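> just coords:
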Ligand SMILES: [Fe+2]
């Protein structure tokens, strides 16, 4: 197993590990450590069934099953299919490129630890891959905050609302998803998390807020909360914290959700086909702390 850093603020490549085979706890530890330190890890040249993808992902924690989502691997509901391919008039997967910056599951009581994506079909134009996944480094964003702000915000909490992202996708991104029903809203009430978390594997502080779901800093008056969030949303996307991942077919891309935020680039058309299988690992095994 060989680990190579991207040389940028995030990103590493791990070679010499077949994710379709069982591997040792030592190897698992090394992956987890790399994931914490580099945020985004690429495993090139993988060949996996949906079952193997789910089995690999489950080594890192409980897998999320999205009950509202129709696009699942038959018989394996923890594997979700992301695609813009339409077969016989029916979409093969969930086509939601062009999402804004967010962290998956920050609106959930148990937040996400990691995402594992398997790139089966990657659109290309003139030999260049399209549909990059962009990331921003929340360890670095925390470190880069003014000291006064770190002190003032310490111990505060942020309210995350699933509905904020859903409505934005409908309003601004032309998403065909229907509005959330009253029952769906009730099933996903807004939740609060500390604004700074101790990362479960690095132990370092990260900024845990994202423009997709964060709606309010609970301990501040409304106006001040709004201004502070606006500042944080701009701050956390500074160019020096950013990293763009360019896909190749057969890549497995794994990223951890506590120390990064991400955004999908929508630079490909409906006939430039993309097919990705995804598992979402919840922070059940690797839980963030609040203590320094
Ligand atoms: Fe996401």
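Received the coordinates, thanks. Note that this is a predicted model, so its numbers are computed, not measured.
> Now the element after the helix or strand hosting residue 163, going C-ward?
Residue 163 belongs to helix 162-172 when elements are defined using DSSP states H and E. Going down the chain from helix 162-172, the next helix or strand is helix 182-187, by DSSP H and E.
> buried ones in the helix or strand that that next one is followed by?
Moving toward the C-terminus from helix 182-187, the next helix or strand (DSSP H and E) is strand 191-194. Going by neighbour count (16 or more other Cβ atoms under 10 Å), the buried part of strand 191-194 is 191, 193, 194. C-betas here are computed from N, CA, C, even on glycine.
> what does stretch 262-279 give?
262, 263, 264, 265, 268, 273, 274, 275, 276, 277, 278, 279.
> Present the buried residues of strand 191-194 as TSV; the columns should include distance to residue 64.
Formatted as TSV, those follow (distance: Cβ to Cβ, whole Å):
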residue	distance to residue 64
191	15
193	17
194	21
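> about what we covered before: tell me the two of the buried residues of stretch 262-279 that are most distant?
Largest separation among the buried residues of stretch 262-279 by Cβ to Cβ: 268 and 279, giving 23.0 Å.
> List the contacts of residue 129.
Neighbouring residues of residue 129 by Cβ atoms under 8 Å, 6 or more residues apart in numbering: 122, 123, 246, 247, 248.
> at 10 Å instead, please
119, 122, 123, 245, 246, 247, 248, 249, 251, 267, 268, 274 (Cβ atoms under 10 Å, 6 or more residues apart in numbering).
> Inside strands: which ones of those?
119, 245 (DSSP state E).
> Quick one: mark the members of the contacts of residue 129 that sit in helices.
Within these, no residue falls in helices by DSSP state H.
> Nearest to residue 183, out of the contacts of residue 129: which one, please.
residue 274 (31.6 Å).
> Isn't that closest one up against residue 119?
Yes: contact status for residue 274 versus residue 119: in contact at 8.3 Å, counting by Cβ atoms under 10 Å.
> Between these two, which contacts overlap?
82, 129, 131, 247.
> Just name the closest of those to residue 94, please.
residue 82 (5.4 Å).
> which parts of stretch 139-147 are buried?
Buried, per 16+ other Cβ under 10 Å, within stretch 139-147: 139, 140, 141, 142, 145.
> which intervals of the stretch 51-200 of the chain have sub-threshold pLDDT?
Along the stretch 51-200 of the chain, segments meeting pLDDT under 70 span 67-69, 96-98.
> The stretch 1-150 of the chain: strands as residue ranges?
2-5, 12-15, 40-43, 72-73, 76-83, 86-87, 90-91, 112-121, 124-125, 128-129, 133-137 (DSSP state E, counting those that start in this stretch).
> give me every residue that touches the residue found closest to residue 118 once you drop the neighbours it is linked to in the chain.
In space, and not counting its chain neighbours, residue 118 is closest to residue 277: 4.6 Å by Cβ to Cβ, 6 or more residues apart in numbering. Listed by Cβ under 10 Å, 6+ apart, the contact partners of residue 277 are 48-50, 53-54, 72-73, 76, 79-83, 93, 116-120, 252.
> how far away is residue 277 from residue 268?
Remark: distance between residue 277 and residue 268 (Cβ to Cβ, to the nearest Å) = 18 Å.
> And residue 75, by the same measure?
Distance from residue 75 to residue 268, by Cβ to Cβ: 30 Å.
> next one: residue 201
Taking Cβ to Cβ, one finds residue 201 at 33 Å from residue 268.
> one step back: now the strands of the stretch 1-150 of the chain in TSV, with distance to residue 241?
Compiled in TSV, those are given as follows (distance: least, Cβ to Cβ, whole Å):
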stretch	distance to residue 241
strand 2-5	16
strand 12-15	16
strand 40-43	12
strand 72-73	33
strand 76-83	25
strand 86-87	36
strand 90-91	34
strand 112-121	19
strand 124-125	28
strand 128-129	23
strand 133-137	4
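> Nearest to residue 286, out of those?
Short answer: strand 112-121, nearest of the strands of the stretch 1-150 of the chain by Cβ to Cβ, at 4.9 Å.
> which strands and helices sit next to the closest one?
Packing partners of strand 112-121 (3 or more Cβ pairs under 10 Å, 6 or more residues apart in numbering; DSSP states H and E): helix 25-38, strand 40-43, helix 50-57, strand 76-83, strand 133-137, strand 252-256, strand 260-264, strand 275-282.
> Distance to residue 217 for those - can I get that in a markdown table?
Formatted as a markdown table, the helices and strands packed on strand 112-121 follow (distance: least, Cβ to Cβ, whole Å):
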| stretch | distance to residue 217 |
| --- | --- |
| helix 25-38 | 26 |
| strand 40-43 | 28 |
| helix 50-57 | 33 |
| strand 76-83 | 31 |
| strand 133-137 | 19 |
| strand 252-256 | 24 |
| strand 260-264 | 17 |
| strand 275-282 | 25 |
